[in-house]
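Undergrad: Predicted model and sequence follow; I will ask about them next.
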Amino acid sequence: MTELAAALGVTIDDPAPPREIHISRAGCRLHGFDWGGTGSPVLLLHGGALTAHTWDFVCLGLRGAARLIALDLRGHGESGWSGDYRVGTLAADVVAAADHLGFYRVHLVGMSLGGVIAAHVADEHPGRVERLALIDVAPGVDFDSTWRVRTFISGLGPVRDLETVVEAAMRVNPRAHRPSVAYRMSTLFRRAPGGGWVPKGDPRPPDFPAILAAIDRLPAQLSRTPVLLVRGGRSRVLPQAAAERLVAHVPNGELVVVPDAGHNVQEDNPAGLIIALHAFLTR
């Protein structure tokens, strides 16, 4: 992990691994990583079909400026599966995690689905959110551009070796950084008792209409919190015009475009994202 982060341009002051955290809310077991660090607490929320590990590179480079907590959303990573994946339920999990850790006021960083959840928390609990960073999500996202990724994810199942999944992922996105893709796949699967690998995440498809409706509500939810919107410079999911429209409607908003990054900015160019987040979160 640290070698790959360094290869991606991340400056690492402390290479120590994070501490795992476990909490339970409404009968669902929740998991996350406490990266420690100094400064104000920051909760990082991943996108759909990802895990808290998607923030590994960013946390390695940002832990000197903030107390970093990366959460596995329910149904993802090491968190339990559930029959309730509504945005409000996921947001309540985030608040419960902050309570468990003794944080009242926090910064939130959310990528894609994680950004939608973070905005819901900020809207429901404005006194508890200091600043909010959204990564590659805003009204006007090009949902159709994600069909190849959605098809790939929905087809994930048990495999004999991870290289099979890495090869399939590279066919979906030939421009991706192969070592980063291999690392991501290693975090999305676990060893099966009988050999081979099985996906960690709940295989049931997300409620995409509900998520898209929640994205459309973002401008109304962001009126009371300073907002940074980060767009990947080559993202097909979030057009530049859509990003600019959201920032124009947010009273205290700004837009940063991170070059050499697609939708998964935190994995494609973690060093560029660290610069943007450091400037915003420590202001």
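TA: Nice, thanks for sending it over.
Undergrad: so how far is stretch 180-200 off the chain centroid?
TA: Stretch 180-200 has its C-alpha centroid displaced from the chain centroid by 19 Å (CA atoms, centre = their mean, to the nearest Å).
Undergrad: what comes into contact with that stretch?
TA: Stretch 180-200 is contacted from outside by 1, 4, 8, 49-51, 53-54, 76-78, 156-162, 165-166, 169-170, 173, 201, 267-268, using CB atoms under 8 Å, 6 or more residues apart in numbering. Bear in mind the C-beta positions are built from the backbone N, C-alpha and C, glycine included.
Undergrad: Now, of those residues, which are buried?
TA: Neighbour counting over the contacts of stretch 180-200 (16 or more other CB atoms under 10 Å) leaves 4, 8, 49-51, 53-54, 76-78, 156, 159, 165-166, 169, 173, 201, 267-268 as the buried ones.
Undergrad: CA-only coordinates of stretch 49-69 in PDB, if you can.
TA: What follows is stretch 49-69 as a C-alpha-only set of coordinates in PDB (Å, rounded to 0.1, in the frame of the first residue of the first chain):
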ATOM      1  CA  ALA A  49     -19.300  -0.700  -4.800                       C
ATOM      2  CA  LEU A  50     -16.100   0.600  -3.100                       C
ATOM      3  CA  THR A  51     -14.900   0.300   0.400                       C
ATOM      4  CA  ALA A  52     -13.100   2.400   3.100                       C
ATOM      5  CA  HIS A  53      -9.800   1.200   1.500                       C
ATOM      6  CA  THR A  54     -10.500   3.500  -1.500                       C
ATOM      7  CA  TRP A  55      -9.200   6.300   0.800                       C
ATOM      8  CA  ASP A  56      -5.900   4.500   1.800                       C
ATOM      9  CA  PHE A  57      -3.600   6.600  -0.400                       C
ATOM     10  CA  VAL A  58      -5.300   9.900   0.600                       C
ATOM     11  CA  CYS A  59      -5.200   9.100   4.300                       C
ATOM     12  CA  LEU A  60      -1.500   8.200   4.100                       C
ATOM     13  CA  GLY A  61      -0.800  11.700   2.800                       C
ATOM     14  CA  LEU A  62      -3.300  13.700   4.800                       C
ATOM     15  CA  ARG A  63      -3.000  12.200   8.300                       C
ATOM     16  CA  GLY A  64      -0.600  15.000   9.300                       C
ATOM     17  CA  ALA A  65      -3.300  17.600   8.900                       C
ATOM     18  CA  ALA A  66      -6.400  15.900  10.300                       C
ATOM     19  CA  ARG A  67      -7.800  13.100  12.400                       C
ATOM     20  CA  LEU A  68      -9.000  10.700   9.600                       C
ATOM     21  CA  ILE A  69     -11.700   8.100   9.800                       C
END
